[in-house]
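Colleague: sharing a sequence plus its predicted fold:
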Amino acid sequence: MQKIVEKINNGLKGTITIPSDKSISHRAVIFSSLAKGTSVIKNFSNGKDPISSLNVCKTLGVSAEFSKNSLIIRSTGNFQKPLFELDCGNSGTTIRLMSGILAGQNFNSTLIGDESLSKRPMKRIIEPLTLMGAKISSNEYKAPLNITGQKLKGINYISKLSSAQVKSCVLLAGLFADGTTSFTEPFVSRNHTEIMLKQMGANIKTEQNTVTICKSELEPIEMEIPGDISSAAYFIAAGLIVPNSKIILKNVGLNPTRTGILTIAEKMGGNIEILDKREINSEIVGDIQVSYSNLKSCIIEGEIIPKLIDELPVIAVMATQAKGTTVIKDAQDLRNKESDRIKAIVTELSKIGADIEETPDGFIINGKKSIQGGAEIETYHDHRLAMSLYIAGLVCKKPLCIKDFEWVNISFPEFDELFSLLSL
Ligand code: S3P
């Protein structure tokens, strides 16, 4: 599906509610499936990725039904040997978290994914799991992953990467392993796994960059999932760069391991206010007010990178509208996402007239430039590229034609509809 995006002249105005967090939705369905009894998950995501996690859990014998705004999960607390391959679709979170769990079961299983997922690196999880005693064969460290269930033992793993998917994979394997398992990462990545496992009764603790877990049984949970700050990020960027905008984004998750976009927006001079901060299921939630601002450039590097990793493509778009040179470093893992997001965003933004240069671990953007547009844009089968380039289209002189726009459905099927509410 092609999407034509045109310049907005009168600003974005109004209030919208941001839909459910993708990362938390994956964890909610997977962890509830491991808990004996009935769990109730309110505001589960409609995105294709969390639905992949749900379908994998169903293939492993868990019963699930939607009732009003809730997903009800009924589980015996144990997965059953699957009769089919487990299809993770496009979802890195599904394949990596499920690998940790399946490595320690008393049956064999195979995890598969779509073309993009089958190209993504799995060595990062196969290595620690193998140290724990797992048996996983793969296609040169890529999916399909054939897992022969084993008895696992705990390890103390020091990771070179700051990655919530790798951390969660190792911690979930630790739930089934003898002894204690710990995971240490250079900088703290998103901690939804730690928060939710603790709420469900796991023996887990965090000290600085290290999380430690012991074999535990999970209790069922009743929870409500907040809105996704990674989805809100597109509206934050749009509100900041489209002249005359003033918008309110309601019910956004504000876990400090995810709010790098807000820190950077403020550093760039963005006019952002947090309203009605509250806590739901140990996750911080609030409403975000964003107004058009004269942005200035900044340097983004180091510790903040895992806190805004998925937002970097749209931050690149923001930087095209910020005065000065914005430099993004230490983000080499962006090349291993649903696409090589460094190459992709640099190629597509250059095509429409932005001044952006690729570096091995990020990009350099010179602003403020008025962008020409008037081109056909590739999305690389990557939802975050599609949405980031849509935001660029709002400030282009000539319309953009974005190809394969349906990829937004991976995380944010409501994207287009919500945008039109703000540009009436
Ligand atoms: C995710 C973690 C991040 C992020 C991905 C979702 C998660 O990946 O990019 O979209 O839900 O744990 P890494 O952990 O590989 O950085």
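Modeller: Arrived safely. In this text, all values refer to a predicted model and were calculated from it rather than measured experimentally. Residues are numbered from 1 along each chain as shown.
Colleague: show me the contacts for the closest residue to F405 other than its chain neighbours.
Modeller: Counting by C-beta to C-beta, 6 or more residues apart in numbering, K3 is the residue found nearest to F405 once chain neighbours are left out, at 3.7 Å. No exception for glycine: its C-beta is placed from N, CA and C like everyone else's. With contact taken as C-beta atoms under 8 Å, 6 or more residues apart in numbering, K3 is in contact with 386, 390, 401-402, 405, 416.
Colleague: the ligand: which of those residues is nearest?
Modeller: Ranking these by separation from the ligand, with C-beta to the nearest ligand atom as the measure, puts A386 on top at 14.6 Å.
Colleague: how about the closest residue to the ligand within the stretch 1-150 of the chain, secondary structure?
Modeller: For the stretch 1-150 of the chain, the nearest residue to the ligand under the criterion C-beta to the nearest ligand atom is S23, separated by 3.4 Å. The three-state label for S23, taken from DSSP: H, G, I helix; E, B strand; the rest coil, comes out as helix.
Colleague: check what pLDDT the closest residue to it other than its chain neighbours gets.
Modeller: The shortest distance from S23 to any residue other than its chain neighbours is 5.4 Å, reached at H192 (C-beta to C-beta, 6+ apart). With respect to pLDDT, H192 scores 98.
Colleague: returning to that earlier point: pick out the most distant pair among the contacts of K3.
Modeller: Using C-beta to C-beta, the two most remote members of these are C401 and D416, lying 14.7 Å apart.
Colleague: and S99, its phi and psi?
Modeller: S99 has phi and psi values of phi -60, psi -40 when expressed as degrees, to the nearest 10.
Colleague: quick one: contacts for A237?
Modeller: Under the criterion of C-beta under 8 Å, 6+ apart, the contact list for A237 reads 314-315, 317-318, 388, 391.
Colleague: tell me the secondary structure for F235?
Modeller: For F235, the assignment made with three-state DSSP gives helix.
Colleague: residue contacts, it?
Modeller: Under the criterion of C-beta under 8 Å, 6+ apart, the contact list for F235 reads 12, 16, 18, 247, 249, 290, 418-419, 422.
Colleague: strands - which of those land there?
Modeller: Taking DSSP state E as the definition of strands, the contacts of F235 contribute 16, 247, 249, 290.
Colleague: which non-adjacent residue is nearest the first one?
Modeller: For I16, the nearest residue in space outside its immediate sequence neighbours is L418; the separation is 4.9 Å by C-beta to C-beta, 6+ apart.
Colleague: was I right about that neighbour contacting L12?
Modeller: No. When contacts are counted by C-beta atoms under 8 Å, L418 is not listed as touching L12 (10.6 Å).
Colleague: more neighbours: the two, which one.
Modeller: Ranked by neighbour count (other C-beta atoms under 10 Å), L418 and L12 place L12 first, with 24 against 18.
Colleague: quick one: pLDDT of the more buried one?
Modeller: 98.
Colleague: check the one 10 residues further on too.
Modeller: Taken from the predicted model, the pLDDT recorded for K22 is 98.
Colleague: again with I126
Modeller: Reported pLDDT at I126 in the predicted model: 98.
Colleague: three-state assignment of it?
Modeller: Under the three-state scheme (three-state DSSP), I126 adopts helix.
Colleague: likewise for the one 10 residues further on?
Modeller: Reduced to three states with three-state DSSP, the structure at I136 is strand.
Colleague: same question, the one 4 residues further on
Modeller: Classification of E140 into helix, strand or coil gives coil, according to three-state DSSP.
Colleague: residues near it, how many?
Modeller: E140 sits with 7 neighbouring residues when counted by other C-beta under 10 Å.
Colleague: how about the contacts made by S245?
Modeller: Applying C-beta under 8 Å, 6+ apart, one finds that S245 lies in contact with 11-13, 238-239, 290-292.
Colleague: now which of those residues would you call buried?
Modeller: The neighbour-count criterion (16 or more other C-beta atoms under 10 Å) marks 11-12, 238-239, 290, 292 among the contacts of S245 as buried.
Colleague: identify the bridge partners of the residue lying closest to K135 once chain neighbours are set aside.
Modeller: Setting aside the residues directly before and after it, K135 is nearest to T148 in space (C-beta to C-beta, 6+ apart), at 4.0 Å. With DSSP bridges applied, T148 shows beta-bridge pairing to N108, K135.
Colleague: contacting residues for T148?
Modeller: Residues near T148 by C-beta under 8 Å, 6+ apart: 108, 135-137.
Colleague: any idea of the pLDDT on it?
Modeller: Taking T148 on its own, its pLDDT is 98.
Colleague: do D276 as well
Modeller: Per-residue pLDDT puts D276 at 95.
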